[in-house]
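Chemist: Make a model of this:
(one chain, ligands or ions: 1)
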Amino acid sequence: MSHITSPLTTHLRPPNTEPVQGESVELPADHVLVLKVIPLPGDANANGDIFGGWVMAQVDLAGSVLPARYAQGRMATVAVNQFVFKQPVRVGDILSFLAKMERIGRTSMTVNVGVYAERFNNQGRYIKVTEAQLTYVAIDDQGKPRPVPVSAM
Ligand SMILES: CC(C)(COP(=O)(O)OP(=O)(O)OC[C@H]1O[C@@H](n2cnc3c(N)ncnc32)[C@H](O)[C@@H]1OP(=O)(O)O)[C@@H](O)C(=O)NCCC(=O)NCCS
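Modeler: Sure thing, here's the model as predicted:
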């Protein structure tokens, strides 16, 4: 019986499982765990590492968790002020997203997000893979900025 290979898969590399060097760190005590997620093979890029756009989407979600407590309603991401990919993310890593409120303005809220990987074969050791700072704006039903409720939190 002949082996048939799908033309859709012949140009894709399998997930990259080579060990990644990286210094393990303590999780920051002043940040809050807002999301944990494990990337799957469908989230990988052509190199076999995790696609940066997938990481950015997760960071946008994770970053919104603390501001949502202040906004108490609709909000939108207005800016990604900083985004650094420090280390590659691999299929099977357990990713922890930790966040800290940096600033609450009149209508905007700025948050710092750190992403830490427990490697597939090295659980319990955290490698910082990404750091980002994002700003969210509380918006009304017309999509216009509205003041962040002062009574929140
Ligand atoms: C978010 C949005 C409603 C803001 O409207 P706007 O008219 O530009 O608002 P303003 O200029 O009054 O600014 C509102 C707040 O955002 C802050 N802000 C605006 N641009 C910013 C930037 N580039 N970086 C950081 N903060 C910013 C302002 O400083 C202000 O904060 P403050 O009220 O706490 O002082 C509007 O820009 C928008 O709808 N953007 C699209 C949002 C979106 O679709 N996000 C998802 C993208 S995939």
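Chemist: In this protein, which residue sits nearest the ligand?
Modeler: Ranked by C-beta to the nearest ligand atom, the top residue of the chain for proximity to the ligand is Gly105, at 2.2 Å. Where C-beta positions appear, they are placed from N, C-alpha and C, glycine not excepted.
Chemist: how close does that residue get to Val113?
Modeler: Counting by C-beta to C-beta, to the nearest Å, the separation of Gly105 from Val113 is 18 Å.
Chemist: Enumerate the residues of the protein near the ligand.
Modeler: Residues of the chain found near the ligand (C-beta under 6 Å from any ligand atom) are 76-79, 81, 105-108, 135, 137, 139, 143, 145.
Chemist: Of those, which pair is most distant in space?
Modeler: Using C-beta to C-beta, the residues of the chain next to the ligand span at most 21.2 Å, a distance reached by Asn81 and Gly143.
Chemist: Show me which of the two is the more surrounded one.
Modeler: Per other C-beta atoms under 10 Å, whichever of Asn81 and Gly143 has more neighbours is Asn81, with 13 against 9.
Chemist: Please identify the helix or strand for the more buried one.
Modeler: Secondary structure from DSSP states H and E places Asn81 in strand 75-85.
Chemist: Tell me which residues of that strand come out buried.
Modeler: Burial within strand 75-85, assessed by neighbour count using 16 or more other C-beta atoms under 10 Å, is assigned to Met75, Val78, Phe85.
Chemist: just those residues now: which is nearest Val37?
Modeler: So of the buried residues of strand 75-85, ranked by how close each gets to Val37 (C-beta to C-beta), first place is Phe85, at 16.3 Å.
Chemist: Which residues are in contact with that closest one?
Modeler: Gly52, Val55, Val129, Thr130 (C-beta atoms under 8 Å, 6 or more residues apart in numbering).
Chemist: longest strand in this structure, by residue count?
Modeler: Longest strand in the chain by number of residues (criterion: DSSP state E): strand 122-138.
Chemist: ok, back up a step: which neighbours does the next helix or strand after the strand holding Asn81 have in its sheet, and in what orientation?
Modeler: Once the chain leaves strand 75-85, the next helix or strand it forms, by DSSP H and E, is strand 94-104. Sheet partners assigned to strand 94-104 using DSSP bridges are listed as strand 32-37 (antiparallel), strand 108-119 (antiparallel).
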